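**Student:** Following is a predicted model, sequence given first.
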Amino acid sequence: MDDTPQNTGDDTVGNDEPTRKISHDRVFLVVLDDTPEMQAALTYAARRVRNSGGRLALLYVIEPAEIEPWMSVGDLIREERRQEAETAVGKFSEATAAITGQLPVLYIRDGRRREEIIKLIDEEPSISILVLAAGTGPDGPGPLVNHLVGKVASKMRVPITVVPGNLSDEEIERLT
């Protein structure tokens, strides 16, 4: 996958509205996972990109298998997870492109989600905002939000936006 943002050359938005320049300097990073609240983060970031310019980046982290009993089974599991990741990234890429008008920058990484998020942000100077969504269950905002906002927030080089995971699309539209 291409890990560098691409400028398509189209630096304007709007059809009947006054033309404005889009800043491709601001990259909103969303971490894709299977939590219900992730959709709120994705929608929020895509609409922020659409309304304020910039670019969307999507990160999917393939977590290592807990137990790999035999090498060939482990290889098969890794291949299945890679295909699941590519399918998910493709689906979300198309959905966000419909909102933003441009394809997002895509990243697929192998490793622990918490570590890979921090590594990617450190490696990619173009990333300027991390967008997460808080869980809505009784356990609080979720382990990823707790970790990044609590334990490592002071070490992050970018701000973290935490979107309430229970916001509707209409509420997100009003906020962005």
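**Tutor:** That came through, no problem. Numbers count the residues shown, from 1 in each chain.
**Student:** helices and strands around the longest helix that the chain contains, which ones?
**Tutor:** Determined from DSSP state H, the single longest helix within the chain is helix 71-100. Judged by 3 or more Cβ pairs under 8 Å, 6 or more residues apart in numbering; DSSP states H and E, helix 71-100 is in contact with strand 27-32, helix 38-52, strand 55-62, strand 105-110. Every residue, glycine included, has its C-beta placed from N, CA and C.
**Student:** and the angle for the first one with strand 55-62?
**Tutor:** Orientation check (axes from the mean of the first three to the mean of the last three Cα atoms, to 10 degrees): strand 27-32 against strand 55-62 gives 30 degrees.
**Student:** and if you look at the last one?
**Tutor:** Using the same axes, to 10 degrees, the direction of strand 105-110 lies 20 degrees away from that of strand 55-62.
**Student:** Tell me the helices and strands packed up against the first helix or strand past strand 105-110 going along the chain.
**Tutor:** Next along the chain after strand 105-110, taking DSSP states H and E as the criterion, comes helix 113-123. Helix 113-123 is packed against strand 27-32, strand 55-62, strand 105-110, strand 127-134, helix 143-145, with contacts defined by 3+ Cβ pairs under 8 Å, 6+ apart.
**Student:** ok, residues contacting helix 113-123?
**Tutor:** 29, 31, 33, 59, 61, 63, 107, 109-111, 127, 130, 144, 147-148, 152, 156-158 (Cβ atoms under 8 Å, 6 or more residues apart in numbering).
**Student:** what's the answer for stretch 143-162, then?
**Tutor:** Contacts to stretch 143-162, defined as Cβ under 8 Å, 6+ apart, come from residues 29, 31, 33, 44-45, 113-114, 117-118, 121-122, 127-135, 140-141.
**Student:** same check, this time on stretch 82-100
**Tutor:** Residues outside stretch 82-100 that contact it (Cβ under 8 Å, 6+ apart) are 32, 42-43, 45-47, 49-50, 56, 58, 60, 62, 103-104, 106, 108.
**Student:** buried residues in stretch 75-93?
**Tutor:** Buried residues in stretch 75-93, counted by 16 or more other Cβ atoms under 10 Å: R81, A85, A88, V89, F92, S93.
**Student:** Any idea which of the helices and strands packed on helix 71-100 gets closest to V73?
**Tutor:** Taking Cβ to Cβ, strand 55-62 is the member of these nearest to V73, at 16.1 Å.
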